[in-house]
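# Model the structure of this input:
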Amino acid sequence: MSESEEKKDPSKKELKKLAKKAEKDAAKANNKQDKSGGGGAATSNTKTNGSAASSSTAATKSAPSLPVYRLANVPSSLTAALNDACTIKACMGSILYSKQLLPGGSTSSSLPFVHGPALLYGDAASASPVVAFGGNGILKALSGQSVSSSTDDWLEFERTELRPALVSGNTKKIEAALEKITAALELHGVSVVGTQPLSVADVAITVTLLLSKNTSLPPLIQTYVEITHNSSPYQQIKSLLKSLIPPSTSYDPTNPSLIQAASAIFASAIFTTFPSAQSLGGVEIKAFKCKDIKHGDYQCNAAMPLFQKLKAANALPPGINSPQQVAQAIIDAVKDDNPVLCDLTVNGPGFVMSRIKEEFLERGVNEIVKRGSPVKPKCCVNEDGEDDATVVVDFSSPNIAKEMHVGHLRSTIIGEAVCRILEYSGKSVERVNHVGDWGTQFGMLIQYLKEEYPNFHDDTPNITDLTAFYKNAKSRFDESAEFKKISQLNVVKLQAGDEECRKIWQVLCDVSRIEFEKVYDRLDISVKECGESFYNDKIPPVIEEFTSRDMISVEEGGAKCVFVPNFKIPLMLQKSDGGYGYDSTDMAAIKYRLHELKARQIVYITDFTQGDHFQMVFAAAKKIGWVDDDSHRLDHIGFGTVQGEDGKRFKTRSGDTVRLVDLLDEAVSRMEASLRERNSSSEGKGGNVSEDEIHQTACAMGYGAVKYFDLRRNPTSNYIFSYDRMLDTKGNTAIYLLYAHARLESIISKGKAEFGVDVDALIADGNSKIALSHKSERNLGLHLEFFADTIEETLNDLYPYHICDFVYALSIAASEFVTQCKVLGSPEMESRLLLCRATAITMRQCFDLLGIRHVMRI
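Numbering: from 1, shown residues only. Below you'll find the model as predicted:
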């Protein structure tokens, strides 16, 4: 056996060291030579043949000593860019060789023969920059080095052999290409051309292999590819790409987002007036919702930074001498016949303020009525019209043999809302209840049940108070040495699969589930149990995998630990006594969810104190390679504490934890009393709910009030639990919202009963349309059109309070509308009844996303 065959593959730690050394070597080489554009270059007015043609004379004359590098023709979406080898190679070269890349716009007019990404370098204002195109040509240009003939040969191999073989899927050609790479790696180690990784040739080859995700690679090549994948430059690609992807300048009428519609109009005006803006970088060309609606609906803040950039580049057009003049030039470039914006003005130091056109809003609100639902944002579906990516949401997670208490309220409520929001966006959601059904406490519970219910084999115990059962078992455990010893032996027997212990354990689980379902039924929670015990046999293989990758640190006493960056304390995968804890279970769980459930996103919803723990779990999963930053998303939503009026953790007067069932039932009881009082009130007409409907209505409103009181705030904050505040009919409460919705439905019902105007018939006929003539009508229409952007914002951080803020503001706008505009019996009655319906439809969609039952009358 040869020496190269005997040599052990480098460990993950060694791979990272090699990658870092390569980056330092590249930086040193870059400092020595920063003037030459290298191969793959041509001036933009020189016609060339081949993807990496060069003109060294032109490069020498045109390129200044400190050129500006711009990447043109970047794919228009992040997903497309991350799957484009040429773009990825350009980003790797930029980061690896410390050449800042700026957006370069499009070369369709100046270089019609270039169809992919192109590197433009030279003076930022130059009309004839040096150009490199093709991923390998761009890499060579960014390296600033004259590459060796061997490197050129490998680049040609990647272009003419490896790439075509992978695209064709021809097994023989792929094997032949991989054999050639393997032979070079056996000779050199971690590079095809030398002793150091991440050369120009290595980047070109490994990027191509990384993007060919369905190709099975031999171990030696897999290690070679991982050097690139684990390198700092590769990890920074997504962040760099976000700054290079050009903003859309085309208004998309199928996209309901007001922000994107307004942004497209502003971007088109800016790039028309200031073409070089695309290549200056550092200017966010985006519309923002105005904080004060008196000044406008949306604003553009680009004029001030754009002025500074243009001035620094000596690219200010004649007559432009201030940010306000830049802003006015942007306004002048917005065409009057654009479908989105009107009433544009300059405000302050250069803010461009605008209004959304009434006809644009009218088209949107009429679409709600026509569809019977708000229009989803584009991010909810992929290019095929659907997004079935699997998302695992881990929430609720009570402990077996314990009552669910107020501490479980937030995880359960937030988790259900998050699931509904993700499902609405098109995701396939796995709702996981990671119950605490395993651990040392089961030894004492098993023994206590045997003693208290000796006939459990034939007669299932009727344990109605789990809290008392647990407390009594714990008391026996603390007081009796014999009971304690037997309990400890029960733990060993349970883990070994003892039949009797397993049966008692199952009884405890079944009894607990019955109690859990009482809460879940009240709150309309749907969740699938997959507790800690499920992962017990999956922990040893995880430990073995970390061990085989040389990532286990055996600490004093024999505990097996994994250290991750930025944390001094490690994850303990196995205790010194050989047992397993939360770290062990959570690492086994995350692997199962990623590999077996094929989850692209995992969301954990627990109290905020577990935040560091989950960040360590995420870091360990990335360290071992289970998680790909480009393909996976890991979230931890940490929530604050539910407090009593004293500001301390919410408990009963006796100091006991409040049972969740009791807490929920009290809300319903108070709501029932309120509805009966409303019905019997001598003031006014009383309520619209019959005695038979009171309990059902009170359940919807009481449970909804508890949910909304939690969801309407940032989950990281603590809050004081108050029935009086959550059941208030005024202010930001579910009760106010449900009354507002019922009021709209009441107006619609009266329109049919008293004026013969049937909204459903109007919609079916299709001839009547909503007109937004009055300012309060327009304001309501504007708020309805905020829906798509609200959903997109919510999907970014998964905080349901965005939807709460939206529906509360919508309810206020609706209240102003029905107060200021006469609906019934007015000339505009049909239009205004349809507007009431559009608002009610949108409110019901929000209620559904939050897990709140709506009521049609109160």
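# Just the buried positions in stretch 721-732, please.
Applying a neighbour-count criterion of 16 or more other Cβ atoms under 10 Å, one finds 721, 723, 726-728, 732 buried in stretch 721-732. Where you see a C-beta, it was placed from the backbone N, CA and C, and this is true even at glycine.
# Any buried residues in the longest strand seen in the chain, and which?
Across the chain, the longest stretch assigned as strand under DSSP state E is strand 599-607. Of all the residues in strand 599-607, those buried under the rule 16+ other Cβ under 10 Å are 599-606.
# How about stretch 822-832?
When neighbours are counted by 16+ other Cβ under 10 Å, the buried residues of stretch 822-832 are found to be 823, 828-832.
# what's the answer for stretch 516-534, then?
Counting neighbours by 16+ other Cβ under 10 Å, one finds that the buried residues in stretch 516-534 are 516, 518-520, 522-523, 525, 527, 529-534.
# would CSV of those with distance to Arg431, pLDDT and secondary structure be doable?
Rendered in CSV, the data for the buried residues of stretch 516-534 read as follows (distance: Cβ to Cβ, whole Å; pLDDT from 0 to 100; DSSP: H, G, I helix; E, B strand; the rest coil):
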residue, distance to Arg431, pLDDT, secondary structure
Phe516, 14, 94, helix
Lys518, 18, 94, helix
Val519, 15, 96, helix
Tyr520, 11, 97, helix
Arg522, 17, 97, helix
Leu523, 13, 97, helix
Ile525, 9, 98, coil
Val527, 5, 97, coil
Glu529, 10, 96, strand
Cys530, 10, 96, coil
Gly531, 14, 94, coil
Glu532, 17, 94, helix
Ser533, 18, 93, helix
Phe534, 15, 95, helix
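# Met353 in helix, strand or coil?
For Met353, the secondary-structure state derived from DSSP: H, G, I helix; E, B strand; the rest coil is strand.
# CA-only coordinates of stretch 757-767 in PDB, if you can.
Backbone C-alpha positions of stretch 757-767 (Å, rounded to 0.1, in the frame of the first residue of the first chain) are rendered in PDB as follows:
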ATOM      1  CA  VAL A 757     -79.300  44.200  -0.900                       C
ATOM      2  CA  ASP A 758     -77.700  40.700  -0.800                       C
ATOM      3  CA  VAL A 759     -73.900  40.900  -0.700                       C
ATOM      4  CA  ASP A 760     -73.500  37.300  -1.800                       C
ATOM      5  CA  ALA A 761     -75.800  38.000  -4.800                       C
ATOM      6  CA  LEU A 762     -73.700  41.100  -5.600                       C
ATOM      7  CA  ILE A 763     -70.500  39.100  -5.600                       C
ATOM      8  CA  ALA A 764     -72.000  36.300  -7.700                       C
ATOM      9  CA  ASP A 765     -73.300  38.900 -10.200                       C
ATOM     10  CA  GLY A 766     -69.900  40.600 -10.500                       C
ATOM     11  CA  ASN A 767     -71.300  43.900 -11.700                       C
END
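# tell me the mean pLDDT for stretch 433-449?
Averaging pLDDT along stretch 433-449 gives 92.
# how far does it stretch from start to finish?
The separation between the terminal residues of stretch 433-449, taken as Cα to Cα, to the nearest Å, is 25 Å.
# I'd like the numbering to begin with 83 instead of 1 from here.
Shifting the count to begin at 83 puts that one at stretch 515-531.
# buried residues in it?
Taking 16+ other Cβ under 10 Å as the criterion, stretch 515-531 shows 515-521, 523-531 as buried.
# Stretch 651-659 now?
Under 16+ other Cβ under 10 Å, the buried positions of stretch 651-659 are 652-656.
# Just checking the distance from it to the centre of its chain.
Mean C-alpha position of stretch 651-659 versus that of the full chain (Cα atoms, centre = their mean, to the nearest Å) differs by 31 Å.
# for stretch 622-632, same thing?
30 Å.
# Send me it as PDB with only the CA atoms.
Once side chains and other backbone atoms are set aside, the C-alpha atoms of stretch 622-632 remain, and they are given as PDB (Å, rounded to 0.1, in the frame of the first residue of the first chain):
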ATOM      1  CA  PRO A 622     -25.700   6.100  20.600                       C
ATOM      2  CA  PRO A 623     -25.300   6.400  16.700                       C
ATOM      3  CA  VAL A 624     -25.200  10.200  17.100                       C
ATOM      4  CA  ILE A 625     -22.400   9.900  19.700                       C
ATOM      5  CA  GLU A 626     -20.600   7.400  17.400                       C
ATOM      6  CA  GLU A 627     -20.800   9.800  14.500                       C
ATOM      7  CA  PHE A 628     -19.300  12.700  16.500                       C
ATOM      8  CA  THR A 629     -16.600  10.400  17.800                       C
ATOM      9  CA  SER A 630     -15.700   9.200  14.300                       C
ATOM     10  CA  ARG A 631     -15.400  12.800  13.100                       C
ATOM     11  CA  ASP A 632     -13.000  13.500  16.000                       C
END
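# one step back: would a markdown table of the buried residues of strand 681-689 with distance to Ser345 and pLDDT be doable?
Supplementary listing: those in a markdown table, determined by distance: Cβ to Cβ, whole Å; pLDDT from 0 to 100:
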| residue | distance to Ser345 | pLDDT |
| --- | --- | --- |
| Ala681 | 32 | 97 |
| Arg682 | 27 | 95 |
| Gln683 | 26 | 97 |
| Ile684 | 31 | 98 |
| Val685 | 29 | 98 |
| Tyr686 | 33 | 98 |
| Ile687 | 32 | 98 |
| Thr688 | 36 | 97 |
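# can you redo the residues you listed as TSV with distance to Lys857?
Conversion of the buried residues of strand 681-689 to TSV gives the following (distance: Cβ to Cβ, whole Å):
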residue	distance to Lys857
Ala681	48
Arg682	45
Gln683	42
Ile684	46
Val685	41
Tyr686	46
Ile687	42
Thr688	46
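# and the residue nearest to Val788 when sequence neighbours are not counted, what is it in contact with?
In this structure, Val788 finds its nearest non-sequential neighbour in Ala749, 5.2 Å apart by Cβ to Cβ, 6 or more residues apart in numbering. If you count contacts by Cβ atoms under 8 Å, 6 or more residues apart in numbering, Ala749 has them with 784-785, 787-788, 805, 808-809.
# In these, find the pair that's most separated.
The most widely separated members of the contacts of Ala749, counting by Cβ to Cβ, are Tyr785 and Tyr805 (12.7 Å).
# picking up where we left off before, relative to the longest strand of the chain, what are the paired strands and their orientations?
strand 472-476 (parallel), strand 715-721 (parallel) (DSSP bridges).
# Just checking, which helix or strand succeeds it along the chain?
If you walk from strand 681-689 toward the C-terminus, the next helix or strand you reach (DSSP states H and E) is helix 693-706.
# quick one: contacts of that following helix?
With Cβ under 8 Å, 6+ apart as the contact definition, helix 693-706 has outside contacts at 94, 627-628, 631, 633, 644, 646-649, 653, 664-665, 668-669, 672-673, 676, 686, 688, 709, 711, 716, 718, 720.
# next one: stretch 181-198
Applying Cβ under 8 Å, 6+ apart, the contact partners of stretch 181-198 are 112, 126, 129, 150-156, 166, 168, 172-173, 175-176, 200-202, 206, 213, 215-216, 224, 226, 322, 325-328, 353, 357, 360-363.
# buried ones in that stretch?
Of the residues in stretch 181-198, those buried under the neighbour-count criterion (16+ other Cβ under 10 Å) are 181, 183-187, 189, 192-193, 196, 198.
# low pLDDT regions in the protein?
Residue ranges of the chain with pLDDT under 70: 83-148, 191-192, 205-210, 463-470, 734-737, 764-769.
# Sounds good, over and out.
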